[in-house]
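A.B. asks: sequence-free structure coming up:
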């Protein structure tokens, strides 16, 4: 959903100017561009690679190191059977529809969004209401490829209906989206024709493994499955201690129906995922929850969305868990930790919310799920998903393979178990039911203790029982006493065996990266009346390059100082680059403000005399001057976050000499 977007300083965001700057400065570029490109595929240039690497570095420190997680790197190529078992083959899909006139493929929910938003803009125009700059820009773009979208006044009730639909757009399934398209007579503006009813489109890229093509597979759509399949080994590595978490960073692939919005919807992307394994009998408590319970989050719960509204409420996570709004402590703990991570990256705190999934959009495995969404020029964008996957994945993989994906722990007090057990006469059972034998046996073994007690009575009275077995005969199957027996037994357990539940925070690194760029972007007015200059105010720890070294001129006397300073910064672990071009100092600094470089060092004739250098701060353009070692120490403190620029200006003398040149 489009929205009015602003820069870091509250200015209207000119997305075209920002994207032009990002392409020009090679943060990212369309893949295979000289061949015409492929929708949804992008290459990162030097600053984009560095920015991504810094985000990942902070992620590892914030989660993997802080939480003692076990990091794994699993295969991208995944056999069909694995993803069939996990449910992805059958359920990992979006809804698409087709324009019967020109053959255009449309993602159904996006189509509904676009049509309703266009009508709401037309209503505003017809009523003479103010249309935000962003909405107006979108409308102009669409008019180029539409047949004269008219400004039509809508009834207030219709406006309310449209807004309610948009508020819960993620909750509609394919049939419901089709009904909306028909009910509101939605037509593709490019052709004036209504698209076909939505059908499910599986998002996985299929392939075959090996030269014979006998082993079908897919490029993984997430990194999670590799972590689940390695659970038993990870548990052993962790000396069988629970709870624990694994983590993985790697590429995933989704064959998006209609990639759009640049890095926000792509077909190949970097994910960072955590699987926190927890004992369900402990009510999913978390030992460090008290550290975060007073952190306040902006929450948009499912009930609010279903009422057609998008009003968030600020709630302390401790209160949200106690009230049941957030299902459990471990889920709440990670929501708070995600919030702190995004804050540490420099995400605008006024542009973040946590939205709870509604029933129809809930993943097939989840029992509660919240998305960390960031506000961008493309609306609220899901950047992190945090789901309670229950015991689904480990259970289905264990059932399919027979692998013991469970935790075994010795009980301090032995437990006495009294239960009805079923014993099947294998030699008779299979031959009697033939091809249906396994299905009937599985249905029998799936009965509850209460059902087994009743079956035992029926067997004793009638010598046979009748059970429900869907898909076999008329759905009812008779089993005689010569094929099985039911016995009531008492046993003592010294070891408890259980399947852990899983809390999964899943991070879309590309989406976070792009949202951070928008949140960090602003424009600085030029004194000369030229076009405003773009600035990316990344925090020092995130910035692609930390320091720009600027010799005042090409004078050879500056060369040894530049070389020595670069060497010392490298030794201190601080990334730097040299700009010794013939452009003015102001232009050189301006170019690197666009790259988000937070600090600049000028080497001038005073440096040659006494070894002192100036340090410039990007956002304020203030400068201090001191000897080289003090400046390098100041940069180190600024980058690791132990000091702020205010601290540095209080410690080192202000220098105003070159600022005049820059202007």
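C.D. replies: Looks like it arrived, so ask away. Every value quoted in this text rests on a predicted model; they were computed, and no experiment measured them.

A.B. asks: for residue 545, phi and psi?
C.D. replies: When read as degrees, to the nearest 10, the backbone of residue 545 gives phi -120, psi 140.

A.B. asks: Then residue 13?
C.D. replies: phi -80, psi 120.

A.B. asks: Now it. Nearest residue, chain neighbours left out?
C.D. replies: Spatial nearest neighbour of residue 13, excluding adjacent residues (Cβ to Cβ, 6 or more residues apart in numbering): residue 5 at 4.0 Å. Yep, even glycine has a C-beta here, placed from its N, CA and C like the rest.

A.B. asks: residue contacts, that neighbour?
C.D. replies: With contact set as Cβ atoms under 8 Å, 6 or more residues apart in numbering, residue 5 has these partners: 12, 13, 15, 134, 375, 376, 377, 518.

A.B. asks: Need the buried ones from those residues selected in PyMOL.
C.D. replies: Of the contacts of residue 5, the buried ones go into a single PyMOL selection, burial set by 16 or more other Cβ atoms under 10 Å:
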select buried, resi 13+15+134+375+376+377+518
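
A.B. asks: Point out the ones among the contacts of residue 5 that are inside strands.
C.D. replies: 375, 376 (DSSP state E).

A.B. asks: any idea which of the contacts of residue 5 is least confident?
C.D. replies: In terms of pLDDT, residue 134 ranks lowest among the contacts of residue 5, with 47.

A.B. asks: Using the three-state scheme, assign residue 454.
C.D. replies: When classified by DSSP: H, G, I helix; E, B strand; the rest coil, residue 454 comes out as helix.

A.B. asks: And for it, the neighbour number?
C.D. replies: Residue 454 has 14 neighbouring residues, counting by other Cβ atoms under 10 Å.

A.B. asks: OK, contacts around it?
C.D. replies: By Cβ under 8 Å, 6+ apart, residue 454 has no neighbours at all.

A.B. asks: and residue 270, what does it touch?
C.D. replies: With Cβ under 8 Å, 6+ apart, residue 270 has these contacts: 52, 56, 249, 250, 251, 252, 508, 509, 510.

A.B. asks: you'd agree residue 551 is up against residue 583?
C.D. replies: No. If you go by Cβ atoms under 8 Å, residue 551 and residue 583 don't touch, sitting 11.9 Å apart.

A.B. asks: So which of the two has more stuff around it?
C.D. replies: Between residue 551 and residue 583, counting by other Cβ under 10 Å, residue 551 is the more crowded of the two (24 against 13).

A.B. asks: mind checking the backbone torsions on the more buried one?
C.D. replies: phi -70, psi 140.

A.B. asks: Report the secondary structure state of the nearest residue to it once chain neighbours are set aside.
C.D. replies: Sequence neighbours aside, residue 558 is the residue nearest to residue 551 in space, at 4.0 Å (criterion: Cβ to Cβ, 6+ apart). Secondary structure for residue 558, judged by three-state DSSP, is helix.

A.B. asks: can you check residue 447 too?
C.D. replies: coil.

A.B. asks: I'd like the mean pLDDT over the top helix by length along the chain, please.
C.D. replies: Identified as the longest helix of the chain according to DSSP state H is helix 108-127. Averaging pLDDT along helix 108-127 yields 89.

A.B. asks: For the longest strand anywhere in the chain, which outside residues touch it?
C.D. replies: As assigned by DSSP E, the longest strand anywhere in the chain is strand 407-424. Applying Cβ under 8 Å, 6+ apart, the contact partners of strand 407-424 are 235, 240, 242, 279, 441, 444-445, 447, 449, 452-453, 456, 483-500.

A.B. asks: next one: stretch 302-317
C.D. replies: 160, 163-165, 167-168, 171, 292-300, 325-326, 332-333, 335-336, 353, 355-359.

A.B. asks: Could you say which helix or strand holds the nearest residue to residue 222 once chain neighbours are set aside?
C.D. replies: Distances taken as Cβ to Cβ, 6+ apart place residue 252 nearest to residue 222, at 5.4 Å, with adjacent residues excluded. Remark: residue 252 resides in strand 244-253, with elements defined by DSSP states H and E.

A.B. asks: That strand: partners in the sheet, and parallel or antiparallel?
C.D. replies: strand 70-71 (parallel), strand 268-278 (antiparallel) (DSSP bridges).

A.B. asks: Of all those, which one is nearest residue 319?
C.D. replies: strand 268-278 (21.5 Å; Cβ to Cβ).

A.B. asks: after the closest one, next one along is what?
C.D. replies: Defined by DSSP H and E, the subsequent element after strand 268-278 is strand 296-300.

A.B. asks: From the chain's centroid, how far away is the very next helix or strand once past that next one?
C.D. replies: Going down the chain from strand 296-300, the next helix or strand is helix 302-306, by DSSP H and E. With Cα atoms, centre = their mean, to the nearest Å as the basis, helix 302-306 stands 21 Å off its chain's centre.

A.B. asks: Now the following helix or strand past helix 302-306: buried residues?
C.D. replies: Downstream of helix 302-306, the next assigned helix or strand under DSSP H and E is strand 313-316. For strand 313-316, a neighbour-count test (16+ other Cβ under 10 Å) marks 315, 316 as buried.

A.B. asks: pLDDT averaged over strand 313-316, what's the number?
C.D. replies: Per-residue scores along strand 313-316 average to 96.

A.B. asks: In the sheet, which strands lie alongside that strand, parallel or antiparallel?
C.D. replies: Counting by DSSP bridges, strand 313-316 is paired with strand 296-300 (antiparallel).

A.B. asks: Other residues contacting the partner strand?
C.D. replies: 310-317, 320, 325-326, 335-336, 339, 352-356, 370.

A.B. asks: Quick one: distance of it to the chain centre.
C.D. replies: 17 Å.

A.B. asks: average pLDDT across it?
C.D. replies: Rounded mean pLDDT across strand 296-300 is 97.

A.B. asks: got it, and stretch 398-405?
C.D. replies: The model assigns stretch 398-405 a mean pLDDT of 94.

A.B. asks: Quick one: end-to-end length of stretch 550-557, please.
C.D. replies: Distance between the two ends of stretch 550-557: 13 Å, counting by Cα to Cα, to the nearest Å.

A.B. asks: list the buried ones in that stretch?
C.D. replies: 550, 551, 552.

A.B. asks: In TSV, list those residues along with distance to residue 477 and pLDDT.
C.D. replies: Listed next are the buried residues of stretch 550-557 as TSV, based on distance: Cβ to Cβ, whole Å; pLDDT from 0 to 100:
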residue	distance to residue 477	pLDDT
550	83	95
551	87	95
552	91	91
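
A.B. asks: now these in CSV, with distance to residue 576?
C.D. replies: Shown next, in CSV, are these (distance: Cβ to Cβ, whole Å):
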residue, distance to residue 576
550, 11
551, 13
552, 17
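
A.B. asks: tell me which element residue 485 is part of?
C.D. replies: strand 484-498.

A.B. asks: Show me what that strand is in contact with.
C.D. replies: Taking Cβ under 8 Å, 6+ apart as the rule, strand 484-498 contacts 279-281, 406-411, 414-425, 429, 444, 452, 455-456, 459.

A.B. asks: are any of the residues you listed buried, and which?
C.D. replies: For those, buried by 16+ other Cβ under 10 Å: 279, 406, 407, 420, 424, 429, 444, 452, 455, 456, 459.

A.B. asks: Bridged to the third one, which residues?
C.D. replies: Legend: beta-bridge partners of residue 407 under DSSP bridges are residue 498.

A.B. asks: got a pLDDT number for the residue nearest to residue 109 when sequence neighbours are not counted?
C.D. replies: The shortest distance from residue 109 to any non-neighbouring residue, by Cβ to Cβ, 6+ apart, is to residue 169 (5.6 Å). Looking at residue 169, its pLDDT reads 88.
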